[in-house]
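> give me the fold of what follows.
(2 chains)
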Amino acid sequence: MTADELDPLIHVPTRLKIVATLAALPDGDTLSFTRLQDMIGLTPGNLIIHLRKLEEADYISSEKNRNGTVSITTVALTGHGRKALGAYTQALRDLLGGL
Amino acid sequence: MNPAPDSTTSAGNGGNFDPRQAAALLDQTTHQARRKFAPSPPWLLAIRAIAVLAALGGIWLTVRGQHPYRGPTGADIPILIGFIVLNFAVTVGVRERAMAGVRGRTRLHPVEITILVLAWAAVPLLMWRLAVAGVSYSWYPTTVLIVPGLAWAAVSAARGDWRQFGTGLALAAISVVGAFAGPAGSWAVAGVGLCAVLMSDAVAIAWRQRRDVARP
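Alright, predicted model coming up:
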């Protein structure tokens, strides 16, 4: 196992922070875009770019809900994303164990 | 909106991102997220444990020398009620802050909140019914905690939260043991028992929050 074999979608500091934060919630729970942004410390534009990449890989799902005049976007880690993070974590452990 | 340049894309394929740094970042982010999403943080549980011990222990000190037993003094009850109200307000405030933006199973469902509120509301009702039947409250001061304890255990079991299920059962067990310790002794049993349960909970949550996920 080499560092090149780590999932390139997750092996980016910002995206790793995003999936690790979402993984701290129980399976199926969603987090609002604004709370996630607050926790990760990114600009909305930057966060959108990373979320889009993760969504394209089906690692996360997002949903836009209208509450009166306010639109609330929520994101959640999918089962596929949770498995991918699990595999990435295991790969990291194997890699570090061999160092 | 034009997004700001992404400072992390240079490591987009993991080129500059060392696995050791990745493991440290994964652990650090996981710890932080667990702390921020915790509806009952260890520090709050530890403060509550000490406050419960002080409040109920203080009452025990005032009643232990009573022969015959008359119950807490007029000054003790407002302090106890004040503590319950303050504890409730802080718990709700901290929980709301932790759950901001979160939707799903982590949040208590309105039905679960109703069950818990009804369980607490049942306590004075039960006390009143027993008083009407001629059983004075002063003889079972902390035994009534069995109702909210069992309600919390039932709600936690339905949520599949077995640690909190244990906490609810422990609360019910403390109230039962207190019934056998006599009216004065039950205050001590409740104070020490609740303090031990809350401290155990605080230690378990703190350990879970600090557990590494990536680093071996």
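
> what comes up buried for stretch A:63-73?
Residues of stretch A:63-73 classed as buried by neighbour count (16 or more other CB atoms under 10 Å in any protein chain shown): A:Thr73. C-beta coordinates here come from the backbone N, C-alpha and C atoms, glycine included.

> that stretch vs chain B: in contact?
No. Applying CB under 8 Å from any CB of the partner chain, one finds stretch A:63-73 separated from chain B by no less than 8.7 Å.

> buried residues, the lengthiest helix in chain B. List them.
Longest helix of chain B, by residue count under DSSP state H: helix B:182-210. Neighbour-count burial for helix B:182-210 flags B:183-195, B:197-202, B:205-206, B:209 (criterion: 16+ other CB under 10 Å).

> can you map out the strands along chain B?
Secondary structure of chain B by DSSP state E: the strands cover B:102-103.

> also chain A?
Under the criterion DSSP E, chain A carries strands at the ranges A:30-32, A:60-67, A:70-77.

> pull up the pairing partners for the first one, direction included.
So that's strand A:30-32. strand A:70-77 (antiparallel), strand B:102-103 (antiparallel) (DSSP bridges).

> got these as CSV, with mean pLDDT and distance to B:Gly58 columns?
Below are these laid out as CSV (pLDDT from 0 to 100; distance: least, CB to CB, whole Å):
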stretch, mean pLDDT, distance to B:Gly58
strand A:70-77, 91, 46
strand B:102-103, 92, 37
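
> can I get those strands in a markdown table including distance to A:Arg93?
Formatted as a markdown table, those follow (distance: least, CB to CB, whole Å):
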| stretch | distance to A:Arg93 |
| --- | --- |
| strand A:70-77 | 20 |
| strand B:102-103 | 28 |
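
> need the strands of chain A in TSV (columns: distance to B:Leu56).
Output for the strands of chain A, formatted as TSV (distance: least, CB to CB, whole Å):
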stretch	distance to B:Leu56
strand A:30-32	38
strand A:60-67	43
strand A:70-77	42
